[in-house]
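K.L.:
Please work out how this folds:
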Amino acid sequence: MRRIAIYDLDKTLTRRPTFTPFLIFAAARGGPVRRLLLPFVLLPVWIVAMGLYKAGLYSRTALKTFGMHLMVGRRSPQELARLGTAFARRHLERGGTMPATMHLLEEDRRRGNTVVIATAAFGFYAEAFARAFGVEHVIATRWDGRAIPGGNCYGAEKHARVLAWLDGATGPREGLHLRFVSDSFADAPLLDEADEPIFVSRDAGKRDRARHRGWPAIDGLQSSAALGGSPETAA
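P.N.:
Alright, predicted model coming up:
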């Protein structure tokens, strides 16, 4: 049986979200005007924009597009790739990873399972995280320098992209075992789709909600020793 293991990124493999830290990282490495304006103008405007999103006045796609124009500006694909690599390295050094899910990922790799990261993060830095984790396949939000083609890879859109990737990479589902690991209830369609769903959260209340929905749940900060010796016992 072929086994596919798909992992979310933010707060599933990494301990902290990545997008706002990336925006700050990019602005701090932009031109002198952007660096000067970062603490006094750009960051306050971004905080207001996030508040408007929470109030329902922005979609996620619109918010992320605005953030890229505000904080990152015009960068070539090559510049973004270099920036994404530097950011991933810095973020992992400072923010760290979730020991429990990294243990599962390392076990999947050791067993020869196909490992995929599926995330709403932008591909140019999600791919840098994937390289750091030894993961070859990435499904992520795209950026063409002006907009987000196809919309944010989140919720129903992520579900559709993962299913399209599975169809192209594996063909029929017969004989395929799918594990999906995420911290987000927005990933409910994929958690329900998976043969082996695993919900990850540091919050005991969220883990209880996940178990009530039929998803095994783990604390992402759990040590690898506490998980037992294999991915199966972690659920």
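K.L.:
which helix is the longest one in the chain?
P.N.:
Ordering each helix of the chain by length in residues (DSSP state H) puts helix 77-95 first.
K.L.:
May I have whichever helix or strand comes after it exported as PDB, CA atoms only?
P.N.:
As assigned by DSSP states H and E, the chain's next helix or strand after helix 77-95 is helix 99-110. C-alpha atoms of helix 99-110 as PDB (Å, rounded to 0.1, in the frame of the first residue of the first chain):
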ATOM      1  CA  PRO A  99       8.600  18.200  18.300                       C
ATOM      2  CA  ALA A 100       5.600  15.900  18.000                       C
ATOM      3  CA  THR A 101       4.800  16.600  14.400                       C
ATOM      4  CA  MET A 102       8.500  16.700  13.400                       C
ATOM      5  CA  HIS A 103       8.800  13.200  14.900                       C
ATOM      6  CA  LEU A 104       5.900  12.000  12.700                       C
ATOM      7  CA  LEU A 105       7.400  13.600   9.600                       C
ATOM      8  CA  GLU A 106      10.800  12.100  10.300                       C
ATOM      9  CA  GLU A 107       9.200   8.700  10.700                       C
ATOM     10  CA  ASP A 108       7.300   9.100   7.500                       C
ATOM     11  CA  ARG A 109      10.500   9.900   5.700                       C
ATOM     12  CA  ARG A 110      12.400   7.000   7.200                       C
END
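K.L.:
next SSE after helix 99-110?
P.N.:
Criterion used, DSSP H and E; the element after helix 99-110 is strand 114-122.
K.L.:
between that next one and helix 99-110, how big is the angle?
P.N.:
130 degrees (axes from the mean of the first three to the mean of the last three C-alpha atoms, to 10 degrees).
K.L.:
picking up where we left off before, in the longest helix of the chain, which of the residues would be classed as buried?
P.N.:
L80, A81, L83, G84, T85, F87, A88, H91, L92 (16 or more other C-beta atoms under 10 Å). Backbone N, C-alpha and C define where each C-beta goes, glycine included.
K.L.:
contacting residues for the residue lying closest to the last one once chain neighbours are set aside?
P.N.:
Pointing back at L92 there. Leaving aside its chain neighbours, L92 sits nearest to A132 (6.2 Å; criterion: C-beta to C-beta, 6 or more residues apart in numbering). A132 makes contact with A88, R89, L92, according to C-beta atoms under 8 Å, 6 or more residues apart in numbering.
K.L.:
Next up, the contacts around the first one.
P.N.:
By C-beta under 8 Å, 6+ apart, the contact set of A88 is Y125, A128, F129, R131, A132.
K.L.:
before we move on, which element is the first one in?
P.N.:
Of the helices and strands defined by DSSP H and E, Y125 is found in helix 123-133.
K.L.:
Now stretch 204-222 - C-alpha only, CSV.
P.N.:
Extracted in CSV, the C-alpha atoms of stretch 204-222 (Å, rounded to 0.1, in the frame of the first residue of the first chain):
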residue,chain,number,x,y,z
ALA,A,204,-6.4,21.2,25.2
GLY,A,205,-9.8,22.6,24.4
LYS,A,206,-9.1,22.5,20.7
ARG,A,207,-7.8,18.9,21.0
ASP,A,208,-11.0,17.9,22.7
ARG,A,209,-13.1,19.5,19.9
ALA,A,210,-11.0,17.6,17.4
ARG,A,211,-11.6,14.3,19.2
HIS,A,212,-15.3,15.0,19.3
ARG,A,213,-15.2,15.2,15.5
GLY,A,214,-13.4,11.9,15.3
TRP,A,215,-9.9,13.1,14.7
PRO,A,216,-7.1,11.8,16.9
ALA,A,217,-5.3,14.8,18.5
ILE,A,218,-1.8,15.4,19.8
ASP,A,219,0.0,18.3,21.6
GLY,A,220,2.6,19.5,19.1
LEU,A,221,5.0,20.3,21.9
GLN,A,222,5.0,16.7,23.1
